[in-house]
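Engineer: Next one to model:
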Amino acid sequence: MERPSEKLAGNALVRLPVVSGARWFGPEARPFALRIEVPLTFGEMVAALYGVVQPDEIGNDEDLCGNVAVTLLIEGLAGVESRAAKLSRDEQKGSVESPEFLASCRQRVAALLAS
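Structural biologist: As a prediction, the model looks like this:
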């Protein structure tokens, strides 16, 4: 059975960092922690980063997962799905604003899933 914070990549489970603490959710004391698993495609993870973060904001795995989580919390799954579909259409039309940063986002997500 797949456990929280793990993703299936090919035939191997990849543990993704748990995003928690004041760095991401503020310093206020809150007595409960809600943990959820949200199934995302590779393209949705990339889309949750592209156009939202700066290159220095995805330098490590926690930062990458944290930024995906924040985008998901703000936009919802439907928003991330829509963002991924638009990015795919823009790429097919050759109208991606920053192909280099898109490639960088893809490389970071691939590296995360391969680790």
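Engineer: Could you check which helix or strand contains Glu28?
Structural biologist: Glu28 is part of no helix or strand when elements are defined by DSSP states H and E.
Engineer: Residue numbering should commence at 37 henceforth.
Structural biologist: That works, and once the first residue is 37, the last one we named lands at Glu64.
Engineer: Next, the buried residues of stretch 76-85.
Structural biologist: Along stretch 76-85, these residues count as buried under the neighbour rule (16 or more other CB atoms under 10 Å): 76, 79-85. The way it works is simple: take the backbone N, C-alpha and C, and place the C-beta from them, glycine included.
Engineer: Any chance of TSV for the residues you listed, columns pLDDT, distance to Pro91 and secondary structure?
Structural biologist: TSV is the format used below for these (pLDDT from 0 to 100; distance: CB to CB, whole Å; DSSP: H, G, I helix; E, B strand; the rest coil):
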residue	pLDDT	distance to Pro91	secondary structure
Leu76	91	21	coil
Gly79	96	19	helix
Glu80	96	20	helix
Met81	96	16	helix
Val82	97	14	helix
Ala83	98	16	helix
Ala84	98	15	helix
Leu85	98	10	helix
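Engineer: What is the nearest of these to Thr107?
Structural biologist: Ala84 (4.1 Å; CB to CB).
Engineer: residues touching that closest one, list them.
Structural biologist: Taking CB atoms under 8 Å, 6 or more residues apart in numbering, we find Ala84 in contact with 76, 103-104, 107-108, 111, 116, 119.
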